[in-house]
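Undergrad: Provide a 3D model corresponding to the input given below.
(chains A, B, C, D, E and F)
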6 protein chains.
Amino acid sequence: MELLIVKDKRIDYDGSAIQSHWTYRNFGILGNSLVVFRGKCDVKVEEMIDIEDLRQNKEIKSDDMVHYIIEVFDFPNVLLASALQKLFMAKLCEVLGDYGIKTIRKGDDIYVNGRKLSISIATVSPVSIKIHIGINVEAKGIPEGVEAIGLKELGIEDIGGFMEKTGKALVEEFKKVKKDSLKVRWAS
Amino acid sequence: MELLIVKDKRIDYDGSAIQSHWTYRNFGILGNSLVVFRGKCDVKVEEMIDIEDLRQNKEIKSDDMVHYIIEVFDFPNVLLASALQKLFMAKLCEVLGDYGIKTIRKGDDIYVNGRKLSISIATVSPVSIKIHIGINVEAKGIPEGVEAIGLKELGIEDIGGFMEKTGKALVEEFKKVKKDSLKVRWAS
Amino acid sequence: MELLIVKDKRIDYDGSAIQSHWTYRNFGILGNSLVVFRGKCDVKVEEMIDIEDLRQNKEIKSDDMVHYIIEVFDFPNVLLASALQKLFMAKLCEVLGDYGIKTIRKGDDIYVNGRKLSISIATVSPVSIKIHIGINVEAKGIPEGVEAIGLKELGIEDIGGFMEKTGKALVEEFKKVKKDSLKVRWAS
Amino acid sequence: MELLIVKDKRIDYDGSAIQSHWTYRNFGILGNSLVVFRGKCDVKVEEMIDIEDLRQNKEIKSDDMVHYIIEVFDFPNVLLASALQKLFMAKLCEVLGDYGIKTIRKGDDIYVNGRKLSISIATVSPVSIKIHIGINVEAKGIPEGVEAIGLKELGIEDIGGFMEKTGKALVEEFKKVKKDSLKVRWAS
Amino acid sequence: MELLIVKDKRIDYDGSAIQSHWTYRNFGILGNSLVVFRGKCDVKVEEMIDIEDLRQNKEIKSDDMVHYIIEVFDFPNVLLASALQKLFMAKLCEVLGDYGIKTIRKGDDIYVNGRKLSISIATVSPVSIKIHIGINVEAKGIPEGVEAIGLKELGIEDIGGFMEKTGKALVEEFKKVKKDSLKVRWAS
Amino acid sequence: MELLIVKDKRIDYDGSAIQSHWTYRNFGILGNSLVVFRGKCDVKVEEMIDIEDLRQNKEIKSDDMVHYIIEVFDFPNVLLASALQKLFMAKLCEVLGDYGIKTIRKGDDIYVNGRKLSISIATVSPVSIKIHIGINVEAKGIPEGVEAIGLKELGIEDIGGFMEKTGKALVEEFKKVKKDSLKVRWAS
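TA: Residues are numbered from 1 along each chain as shown, chains lettered A, B, ... in the order given. Below you'll find the model as predicted:
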């Protein structure tokens, strides 16, 4: 899994990055990848993946987020997509723990002091698994009714450093998953 | 995923429970399942799954462990096996956190204060994913050279309660993984 | 497999219900499902799934049908889709036999006295198997050239009862298929 | 799917024919196949596939049966194995209906007048789906406690003719399943 | 794999033939197939499959080509698509060798004397593998900057004969791949 | 795909290297791999993979061969195994062409002047694809009735150089197959 951390510019997330090969099309990176970038979040209805959100007419937006776009080509299965997503969320919580921040993870949501820090979706395209994770930098521009929190309110000011630390941690986690899958004999 | 917590007897783990349908053969439970039980651990060489261990002639044993045997039939893929395993380990760390215990997870290993609390393996049979997790109740009967720690040394005396709490937490985690995999539209 | 029998309203079938997650989007039911409803049938060309029909410019319509929309997420494979479809058609014939009606099944078509009682299609989306079955309530509004027959002409007047009986029978059949798939060891 | 009807000799079924490539090894037939033969049935414990039977120490035997061994290589999935098996049983019931015999199918079991006519198992090897079906020619040598019936008691004396008629019917059914799986466009 | 060689008319290739079921829709051929035809090549941007080409704004065109459209339904996997494509290219080189022409194959490209003879793409639809191969009849209408060569410049004047010889050779190669996949037992 | 060329010792091939994880167990190489080594060939009957050979009681042996053991974990499918095998054989022929040797490939067999240069088998384990290729160094110790030829008779004396050149060529070929599978968008 190749890691790309985009630091020289902001990229807004409108949901289109969830499509297959977005990373290859935009950055020329072939195969499994994680792109970390920073920008607004405002997901267009036609790009919404979570049908639960669609059914409830939820808005998905935030003025400033760290975004993670993961694509895994090993095989496009929704259960693997969902399991990897939860694992990545748990890993992010572990990294936040290293910052001294106590989190509560509920599936693919991270809460701090009862306030929502993150959004995430995991699905498949016909050729790959795609996962988006967004973490509020500041709790601004959030849909009404959502009690949110952001990294800055948690004392994390070096967003670039956070992007690097978490990006590396997620890639290491995936590599460990992959490596371990190769070193075991099958059971009868 | 059906949960069975065996409280009325001890069951020793010799590695044979990693075979497919062990839970159905022994407890009549069909389909995805988690069995939690307590007993010794002494894995026979012919049941060892981790080829890295085999190559290094490692022993896998402990005098008293809480064991988790998970079987998932959705599809037998080693990457999914490995991802679910890591997610379950992360969940166990989160539960240990609820007990006030600070853990470090390295892939599928849990450490407390630099000492190893757990063992685990994840693989596939031709029809299912199989995962074993073992958590030391006491750090006794551990192979030489391994700095180990057990639940009792961490202040957890109610092992039955721990088995229930963790068993339920792992099943809930899996159910969330499964549920979320069903509510997302595919991406193009 | 969850069963929903829509009795309080008519729903016309224009082919769009063959898309993935139609049941979740419209009824909030997650996972494997069977929805039984009653309404007209007039499949739009752009929703036609059977390329043989498209090649022959066939019309698919009927003024009054009992419809079954099945979605199975276990894995999206056209051979499984097609096998399940034939099995469901055979089951419907068995239920019709319980009504004292002698049927002839040719693949996915049911005939009574040489007249066509049903239509059906089975395919996959990128995340699921989708099957539609339609059974004429009355042989009205059928494309020219098709000798059709309906439930009422066969003496079945309690259409609601028929929807329940068949809905339950199909779900039971699927559950048996699933259950049996879990209780067998693999062969070498 | 190639059909072989063995008429020139008896072949007893001890369960070993459920292994992959049995048909190729013994008859040189490559790929999807159905072999129909006649002989005793006495399944050795080590060849038993149904763990439910194993758990209950059931015997599987009969003095004279028509046997069907099906192998499908398209992909080795237990749900497809189980669905195809039920479809084949339903087809056999339809053929028995053509003989004027009224059957009741319960999943993969055929009953006539409350007495059991058949046995069956469906599973996978690592490369194929394997299905065995056995139909009593006479209800002799059946395990105690099983109320059985055979073809001869149902008035079917021409066992060779029955083997041909049913063999062809099952192969036609599979070919229809396969053909239909190829003529449908995918749904979004 | 069924072979169709279209000799009575020209068919231009604009990229749309890469869609699933193109062969069934246009020629009524069900299942695995190879269609060989002759015509211009001018791939519309919206039909371009190779994202590398899209990223570089490459044009894909030629005034006169022999085209091969292959569809394989066994299972839609990009690695199998890519492996079969390379094998077919290698086979074409072997046939060209029979004509006395020395080729260099680089992956899916064929060169003669450093000049490009062919284009090709392999991908999946949600239900099948699709491969397109085009071989220049004459090196005319080629995008600027591409040093191309055609069959006529290599002394092959009987294009119809070439279409037949290569069409048969590719189908034979696939049949051998398939046959061999069925005659091997699995390894532990 | 990692390449290991064993030059410091001879390794005889008795067929056991076809088992999964042979390379990891013996050389510690995780994941897709190609091991090239030199030694006798004498395949034990219980390790024979080709059922056609077993049916004909064929012997598989040679006094001196270059062996290639390939393992691919992407997914264990016999059609992909067989396609990759043929592609590797074609690539070996292309390399032999670079040596000025004219070969005829028939599926997975290489002939020079009507004499057999190679043996090969491709299959799956429950977790991987396994391919063995053997090329005679000298045509000695070959089963009676087989007209064989070896590299030395073809003028290739630098066997170590041949092992390197072919090993690198096969790995490059696989990498190209893999890379191309990742750069194409899916077709509708």
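
Undergrad: quick one: name the residues of chain A near chain E.
TA: Contact residues (Cβ under 8 Å from any Cβ of the partner chain) of chain A with chain E: A:His21, A:Tyr24, A:Arg25, A:Gly28, A:Phe73, A:Pro126, A:Val127. Using the backbone N, CA and C atoms, a C-beta is placed for each residue, glycine as well.

Undergrad: restrict the residues you listed to those near chain C?
TA: When contact is defined as Cβ under 8 Å from any Cβ, the residues of chain A next to chain E meet chain C at A:Pro126.

Undergrad: quick one: which of the residues of chain A next to chain E is nearest to D:Gly107?
TA: Sorting those by distance to D:Gly107 puts A:Pro126 at the head of the list, at 34.1 Å, by Cβ to Cβ.

Undergrad: can you count the residues close to the closest one?
TA: A count of nearby residues for A:Pro126, using other Cβ atoms under 10 Å in any protein chain shown, gives 25.

Undergrad: now the phi/psi pair for A:Lys165, please.
TA: Backbone torsions of A:Lys165, given as degrees, to the nearest 10, read phi -60, psi -50.

Undergrad: measure it to A:Ile159 for me?
TA: The gap separating A:Lys165 from A:Ile159 is 11 Å, by Cβ to Cβ, to the nearest Å.

Undergrad: neighbour-wise, which of the two wins?
TA: Applying other Cβ under 10 Å to A:Lys165 and A:Ile159 shows that A:Ile159 carries more neighbours, namely 18 against 15.

Undergrad: state the pLDDT value of the closest residue to the more buried one other than its chain neighbours.
TA: Sequence neighbours aside, A:Val137 is the residue nearest to A:Ile159 in space, at 5.8 Å (criterion: Cβ to Cβ, 6 or more residues apart in numbering or on different chains). Predicted confidence (pLDDT) at A:Val137: the value is 98.

Undergrad: ok, now which ones touch A:Val137?
TA: By Cβ atoms under 8 Å, 6 or more residues apart in numbering or on different chains, the residues touching A:Val137 are A:Arg38, A:Asp64, A:Met65, A:Val66, A:Gly150, A:Leu151, A:Lys152, A:Ile159.

Undergrad: name the nearest of those relative to E:Asp53.
TA: Nearest to E:Asp53, judged by Cβ to Cβ, of the contacts of A:Val137 is A:Arg38 at 31.0 Å.

Undergrad: for chain F, see how far away the closest one is.
TA: For A:Arg38, the distance to chain F (Cβ to the nearest Cβ, to the nearest Å) stands at 27 Å.

Undergrad: next one: A:Val137
TA: A:Val137 is 32 Å from chain F, by Cβ to the nearest Cβ.

Undergrad: now A:Lys58
TA: 29 Å.

Undergrad: what sits closest to that residue if chain neighbours are left out?
TA: The shortest distance from A:Lys58 to any non-neighbouring residue, by Cβ to Cβ, 6+ apart, is to A:Pro143 (6.9 Å).

Undergrad: may I ask which helix or strand of chain A has the lowest mean pLDDT?
TA: helix A:51-55 (a mean of 93; mean pLDDT, DSSP states H and E).

Undergrad: and the residue nearest in space to the middle of chain A, what does it touch?
TA: Residue closest to the average C-alpha location in chain A (Cα atoms, centre = their mean): A:Ile133, at 1.9 Å. Going by Cβ under 8 Å, 6+ apart, A:Ile133 touches A:His67, A:Tyr68, A:Ile70, A:Gln85, A:Phe88, A:Met89, A:Leu92, A:Ser118, A:Ile119, A:Ser120.

Undergrad: beta partners of it?
TA: A:Tyr68, A:Ser120 (DSSP bridges).

Undergrad: from chain D, how far out is it?
TA: A:Ile133 is 26 Å from chain D, by Cβ to the nearest Cβ.

Undergrad: can you list the buried residues in the strand or helix carrying A:Thr123?
TA: Assigned by DSSP states H and E, A:Thr123 falls within strand A:118-124. Under the neighbour-count criterion of 16 or more other Cβ atoms under 10 Å in any protein chain shown, strand A:118-124 has A:Ser118, A:Ile119, A:Ser120, A:Ile121, A:Ala122, A:Thr123, A:Val124 buried.

Undergrad: would you check which pair of the residues of chain A next to chain E lies furthest apart?
TA: Largest pairwise distance in the residues of chain A next to chain E, by Cβ to Cβ, is 21.6 Å, between A:Gly28 and A:Pro126.

Undergrad: about what we covered before: who's in contact with the strand holding A:Thr123?
TA: Contacts of strand A:118-124 (Cβ under 8 Å, 6+ apart): A:18, A:41, A:49-50, A:60, A:62, A:76-78, A:81-82, A:84-85, A:89, A:92, A:108-110, A:129-136, B:180-181, B:184-187, C:126-127.

Undergrad: how many residues are close by the residue nearest to A:Glu164 when sequence neighbours are not counted?
TA: Closest residue to A:Glu164 apart from its sequence neighbours, by Cβ to Cβ, 6+ apart: A:Ile5 at 5.8 Å. Neighbourhood size, A:Ile5 [other Cβ under 10 Å]: 17.
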